[in-house]
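> Structure of the sequence below:
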Amino acid sequence: MVPLTFSRLAALALCLGAGAVTPSPADDVPDGRYLEHGIDPSKILGRPEGRRARETRGGYDAAGTPVFFHRFGSLRKDGFPAGAADRFRVFVFPRRQGRPQSLALSDLRQDPLFDTTPGILRHNPLGLWRLSFVRFTPGAFSSSDGLRLLEELRKRNGTDLDGTPLLKHVSELRDLEVRGFAAVEPRPEDGSQGVPWVIWRLVADPRRDVLPAEAPLMLVARADGIPADREIEQHFLSLREVGAFCAPPMPKLPPFVQALPLPARQLPGKRVEMVERAFLHRFHPDLPPTTLWGYEGTIPGPTLTLRRDESVVIRSRNDLPLDGNGGFGRPWTACRVRLPAGPAGYSAALCAPGESAEQELRAPQGGSGWYGDAALGFSAANLTKGLAGLVEVRDEFDSGDENDPNPAASRLPSGAFDVPLLLGERRFDVTLDHALSWDAFEVDGVPGEYTTVNGAVQPYFRVARRKYRFRVLNVGPSRFYELALSSRQMFHELAATPTRRVELPLSPGRLLDVIVDFSEVALGSEVVLENRQAQENGKGPIERPLTPERDRRVLKFIVDRDAPDPSRIPARGVGAPAEVAAPTRTFVLENRRGAWTVNGNVFDAERVDARVKRGASEVWVLKNASKEWTLPMPGAAEDLRPGGEVRLLLRFGDKPGRRIFPCGSPIHADLGLLIQWDVEP
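Below is the predicted model:
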């Protein structure tokens, strides 16, 4: 057993807060509970005397979070239905001089790693695991790639008792195994090397289910008694003394371990139908799947392709469940399309589960837009759950064909070289399943710990040495970005006036269309898309360096091949609107004690802020009277800074009815920062 080398005062000093807890002994479950899950309790070997755990052990879940568990026995093949436990594996790490498949602490180089990615709380509550033993292969130490990878892991995780890196993530282990640098050997089912299955029950919530004082902590330790990983001991002491972790047990996800997902494209037509439905999605290989909502059951939804000046009917069917929303969001939705022509506004009507809604659109110019949920009061939560996708509008100039022989065509990168990037921040909770988290009481908005791109946490994307078009949308709900490439390359922004930028500001609700040219990058190089904007809450960006490092990394480009490149960077803008003379209105936006007002009025669903004529155009001047909030506004070239103003040209269309113009931040729009107007009959 490892001696508790930290004093109680030192443990308290490490902690971030305390909480009252109620002791709960680590008792084994009744036999009937085992029978319910297909386990024969009479076949369990080594059940603790009195059915109470004699020790507490520590290890890691798949996401690198320290976990605690109790041992309640082991099973042979005849103790449960065939194959029932092979889905759940616990990885054990024998020392070089230890016995190959021993579970004795003195024979191990680090504490165990549990593959929790299938979802433990629902699918493996009793803690039945197949033992698998991990060793490094000779190739890990004899090749440059192996040595480089081991050094990266050492820097990230620390060193085990053999001087090799600690392995704290299932994705790390899988990568080593695929590359041939690690071998994973399950115990034989015939029991020739020991009992193959163990019942090691993870403590679901150590803050609530107190680690019992009579069950000492057992960890893999060095010769001087210091644990191989002191973080586990620190958390144990903290939980014992004050009932809280030293720091929240959030997942520590390694970046760039999964490829960038790419959404499907919806071919153009007179009618488009999409279904809003729930589906399971894995944000990272080290996380269990979580339930999301998405158009056509994907994140992001399909990229809609429209043609300029052609009417199209978008029909969305709401097949979302009435209950079981995973703790946030509301299944009464409002699918709204934001076209590249600017903020035309939309109706506030909702679509209930089981119903369908239609909207007829006509895009007056080419370029990029997006669609997503805009249900008043719940749009931020529903967008976070996945209800968003991109729109591309084709015309003679932006034809979608880089080989287009038409002299009027821009020949922008197309096909596989025209890539949507939907950025959204996500937070995951502290449970064993690390479910997607949402705090409805954070009215200012809290940027998530991780940036996702197309629904994946910090993915990688393999590119050729040529030009790529990226349609980059910030779905939000709260984070402001200042995007830059680690290679210091320029972005060619396809705005009304083409612009070359080293840094690309991107606020919530904003979409930027850019070209990146990788033609001069050396083969085998890696270029990282970084965020260089610091932020503490949803009020806006702040001036200070970013920490920790993972906050800066968004997406890694791996330049791995050559490819032909007939595409061009146009001299004029994409979808540049024509200038018109129009009357002007002014709206003053202000936050008064947490409530947003428009011209001094809080939001009222019955209030009309303007009455406009069908087919008319107006210039709206928006003034920000708040002193702390930066407000992204749809259609504005710049964010609306505190004390500043922006001018927008709005075209109101030909259909009468009530329309809404929201703040680009869904958090603020949900809190009433929106303007309502009526298009007169």
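> What are the buried residues along stretch 229-248?
If you call a residue buried by 16 or more other C-beta atoms under 10 Å, then stretch 229-248 has these buried ones: 229, 231-240, 242-246. All C-beta spots, glycine's among them, are computed from the backbone N, C-alpha and C.
> again, but for stretch 507-523
507-518, 521.
> C-alpha coordinates for that stretch, PDB please?
What follows is stretch 507-523, C-alpha atoms only, in PDB (Å, rounded to 0.1, in the frame of the first residue of the first chain):
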ATOM      1  CA  SER A 507     -17.600  36.300 -33.400                       C
ATOM      2  CA  PRO A 508     -20.700  34.100 -32.600                       C
ATOM      3  CA  GLY A 509     -23.100  33.800 -35.500                       C
ATOM      4  CA  ARG A 510     -20.600  35.100 -38.000                       C
ATOM      5  CA  LEU A 511     -19.600  33.200 -41.200                       C
ATOM      6  CA  LEU A 512     -16.400  34.000 -43.100                       C
ATOM      7  CA  ASP A 513     -15.500  32.700 -46.600                       C
ATOM      8  CA  VAL A 514     -11.700  32.300 -47.000                       C
ATOM      9  CA  ILE A 515      -9.100  30.700 -49.300                       C
ATOM     10  CA  VAL A 516      -5.900  29.200 -47.900                       C
ATOM     11  CA  ASP A 517      -3.100  28.300 -50.300                       C
ATOM     12  CA  PHE A 518      -0.900  25.400 -49.200                       C
ATOM     13  CA  SER A 519       1.000  25.200 -52.400                       C
ATOM     14  CA  GLU A 520       4.300  26.500 -50.900                       C
ATOM     15  CA  VAL A 521       4.100  24.300 -47.800                       C
ATOM     16  CA  ALA A 522       6.600  21.400 -47.700                       C
ATOM     17  CA  LEU A 523       5.300  17.900 -47.900                       C
END
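> Now find how far off-centre that stretch is within its chain.
Once both centres are worked out by C-alpha atoms, centre = their mean, to the nearest Å, stretch 507-523 turns out to sit 21 Å from its chain's centre.
> What mean pLDDT does it get?
For stretch 507-523, mean pLDDT is 96.
> Over to stretch 355-370?
Here stretch 355-370 scores 90 as its mean pLDDT.
> Check which residues of it are buried.
Within stretch 355-370, the residues that qualify as buried are Ala357, Gln359, Leu361, Ala363, Pro364, Gln365, Gly366, Gly367, Ser368, Gly369, Trp370, counting by 16+ other C-beta under 10 Å.
> now stretch 584-602
Buried residues in stretch 584-602, counted by 16+ other C-beta under 10 Å: Arg585, Phe587, Leu589, Glu590, Asn591, Trp596, Thr597, Val598.
> Just the ones of those in strands?
Within the buried residues of stretch 584-602, residues falling in strands by DSSP state E are Arg585, Phe587, Leu589, Glu590, Asn591, Trp596, Thr597, Val598.
> closest to Arg561 among these?
The nearest member of those to Arg561, counting by C-beta to C-beta, is Leu589 at 49.0 Å.
> Look up how far Pro364 lies from Pro498.
Applying C-beta to C-beta, to the nearest Å, the value for Pro498 to Pro364 is 20 Å.
> and what of Glu358?
On the measure of C-beta to C-beta, Glu358 and Pro364 end up 20 Å apart.
> cool, and Trp438?
Distance from Trp438 to Pro364, by C-beta to C-beta: 36 Å.
> repeat for Gln458
From Gln458 across to Pro364, the span is 37 Å (C-beta to C-beta).
> again, but for Val574
14 Å.
> What are the boundaries of the helices in the stretch 251-400 of the chain?
379-384 (DSSP state H, counting those that start in this stretch).
> Tell me where the model's unsure across the stretch 151-300 of the chain.
Along the stretch 151-300 of the chain, no part satisfies pLDDT under 70.
> Count the residues that sit near Ala484.
Counted by other C-beta atoms under 10 Å, the residues lying close to Ala484 total 21.
> tell me the contacts of it?
Val502, Glu503, Leu504, Leu529, Glu530, Arg532 (C-beta atoms under 8 Å, 6 or more residues apart in numbering).
> which among those residues gets closest to Glu680?
The nearest member of these to Glu680, counting by C-beta to C-beta, is Leu504 at 39.9 Å.
> can you list the domains in the chain?
Domain ranges of the chain: 29-203, 265-342+350-562, 584-679, per automatic domain parsing.
> measure the shortest one end to end?
End-to-end distance of domain 584-679 (C-alpha to C-alpha, to the nearest Å): 16 Å.
> With stretch 87-96 instead?
Start-to-end, stretch 87-96 (C-alpha to C-alpha) is 28 Å.
> Can you give the distance from it to the centre of its chain?
With C-alpha atoms, centre = their mean, you get 28 Å for stretch 87-96.
> Now do that stretch, average pLDDT.
On average, stretch 87-96 scores 95.
> Now stretch 255-270: buried residues?
Pro255, Phe256, Val257, Gln258, Leu260, Pro261, Pro263, Arg265, Gln266, Pro268.
> chain center to it: distance?
Computed by C-alpha atoms, centre = their mean, the chain-centroid distance of stretch 255-270 equals 16 Å.
> Same check on stretch 67-81?
On C-alpha atoms, centre = their mean, the centre of stretch 67-81 falls 33 Å from the chain's centre.
> All the strands of the stretch 201-350 of the chain, residue numbers only.
217-218, 265-266, 271-281, 290-295, 303-307, 311-318, 335-338 (DSSP state E, counting those that start in this stretch).
> Pretty sure Val275 sits against Tyr295.
Yes: the criterion here is C-beta atoms under 8 Å, and Val275 meets it with Tyr295 at 7.2 Å.
> Provide the strand pairings for the helix or strand hosting Leu649, with the direction of each partner.
Here Leu649, judged by DSSP states H and E, is contained in strand 645-651. If you go by DSSP bridges, strand 645-651 pairs up with strand 617-624 (antiparallel).
> angle of the partner strand against strand 584-592?
Angle of strand 617-624 versus strand 584-592, following axes from the mean of the first three to the mean of the last three C-alpha atoms, to 10 degrees, is 30 degrees.
> Just the buried positions in strand 617-624, please.
Applying 16+ other C-beta under 10 Å to strand 617-624 flags Glu618, Trp620, Leu622, Asn624 as buried.
> and which of those residues is nearest to Pro94?
Relative to Pro94, and with distances defined as C-beta to C-beta, the nearest of those is Asn624, at 62.3 Å.
> Can you give me the neighbour number for the spatially closest residue to that closest one that is not a sequence neighbour?
Nearest-residue entry for Asn624: Leu640, 4.6 Å, with adjacent residues in sequence omitted and distances by C-beta to C-beta, 6 or more residues apart in numbering. Neighbour count of Leu640, defined by other C-beta under 10 Å: 23.
> residues touching Pro251, list them.
The neighbours of Pro251, taking C-beta under 8 Å, 6+ apart as the test, are Ala63, Gly64, Thr65, His284, Asp286, Leu287, Phe428, His434.
> and the last one, what is it in contact with?
When you say that, I think you mean His434. So His434 contacts Asp61, Ala63, Thr65, Met250, Pro251, Leu287, Pro288, Phe428 (C-beta under 8 Å, 6+ apart).
> Fine by me, thanks again.
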